[in-house]
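Visitor: sequence unavailable; structure follows:
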């Protein structure tokens, strides 16, 4: 039974931790996942951009998704990245992932690099959704793919019985149009952390977040205050969060969030090439942008420090 995505509002696009010898660190992944759920995260994307998925082999992805399904164990919905810029390969891999217990949805990106037009996007997503036995979530991220799926295309694909939702990285106006025109069971998430509050107010289901690795308690509080009708407090929390959220993209993601998690004591390891870990100077720049003491990422970063004003 698939979890209903529309019961989730704060999803983490989780990193892939590595051991010192560069293998996936499942012990660290378990610790991080359990802590995030305890703090109020109620869904995950595994194997997305933040998970350094382009650098994982096919077998590593299958192993990662299999173990992650076991770690989460049905507590919250899990969306696994299965998209590529090869439709046949996307279908084959998505079908393989569909067999993994605990994986509820497949995240399929608008094909990067080939620059499909809207008609091509409809053909790609229809072919995938028709042939796989797992609900599909569209991933529209023009800054990484080079093309944007237009609202009219999204709303056409939203009618497909096997397309369950979208992770949308574009303007708030476009989110408004999608929310207004969607079928009732089509979930809409912003993929832009700084839009977390506004997207929710506009009727989106929530956020698929990178910042939640660090700020789930504050983000959960923000949504809970919104639901309680405390708009001013929810707004002040988003204003506090926004510069910190933006700071996490100051360098190629996930290098900033991995640096912060490492300073908090998580064994997250380095990054796989072509990305590199932050150097000391970049850590100081990031710490300053996160409103922390300049040396905060060199030592022990506590939650009190992270959440200080």
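Guide: Arrived safely, thanks for sending. Note that the coordinates shown come from a computational prediction; the quantities given were computed from them, not determined experimentally.

Visitor: tally of neighbours for residue 231?
Guide: By other Cβ atoms under 10 Å, the residues close to residue 231 number 12. For glycine as for every other residue, the C-beta is placed from the backbone atoms N, C-alpha and C.

Visitor: again, but for residue 230
Guide: By other Cβ under 10 Å, the residues close to residue 230 number 14.

Visitor: same question, residue 305
Guide: 17.

Visitor: from residue 31, how far off is it?
Guide: Applying Cβ to Cβ, to the nearest Å, the value for residue 305 to residue 31 is 20 Å.

Visitor: now residue 173
Guide: Distance, residue 173 to residue 31, using Cβ to Cβ: 40 Å.

Visitor: which one's more surrounded, the two?
Guide: Taking neighbours as other Cβ under 10 Å, residue 173 and residue 31 compare with residue 31 leading, 16 against 10.

Visitor: and that one, what element?
Guide: Residue 31 belongs to helix 26-39 when assigned by DSSP states H and E.

Visitor: that helix - contacts with which helices or strands?
Guide: If you count contacts as 3 or more Cβ pairs under 8 Å, 6 or more residues apart in numbering; DSSP states H and E, helix 26-39 packs onto helix 58-72, helix 212-227.

Visitor: show me which residues of that helix are buried.
Guide: By 16 or more other Cβ atoms under 10 Å, the buried positions in helix 26-39 come out as 26, 28-33, 36-37, 39.

Visitor: surely residue 64 and residue 25 touch.
Guide: No: counting by Cβ atoms under 8 Å, residue 64 does not reach residue 25; the two are 10.7 Å apart.

Visitor: what's the average pLDDT for the next helix or strand after the helix holding residue 31?
Guide: Where DSSP H and E defines the elements, the next helix or strand beyond helix 26-39 is strand 44-46. Regarding strand 44-46, the rounded mean pLDDT is 98.

Visitor: can you give the contact residues for strand 44-46?
Guide: 11-14, 33, 36, 51, 64-65, 68, 72, 76-81, 103, 107, 167, 208 (Cβ atoms under 8 Å, 6 or more residues apart in numbering).

Visitor: buried residues, it. List them.
Guide: 44-46.

Visitor: what lines up beside it in the sheet?
Guide: strand 10-13 (parallel), strand 78-81 (parallel) (DSSP bridges).

Visitor: deepest-packed of those, please.
Guide: Mean neighbour count, computed with mean count of other Cβ atoms under 10 Å, is highest for strand 78-81 among those, reaching a mean of 29.

Visitor: packing partners for the next helix or strand after that one?
Guide: On the C-terminal side of strand 78-81, the nearest following helix or strand under DSSP H and E is helix 87-98. For helix 87-98, the elements it packs on are helix 58-72, strand 105-109, helix 118-131, judged by 3+ Cβ pairs under 8 Å, 6+ apart.
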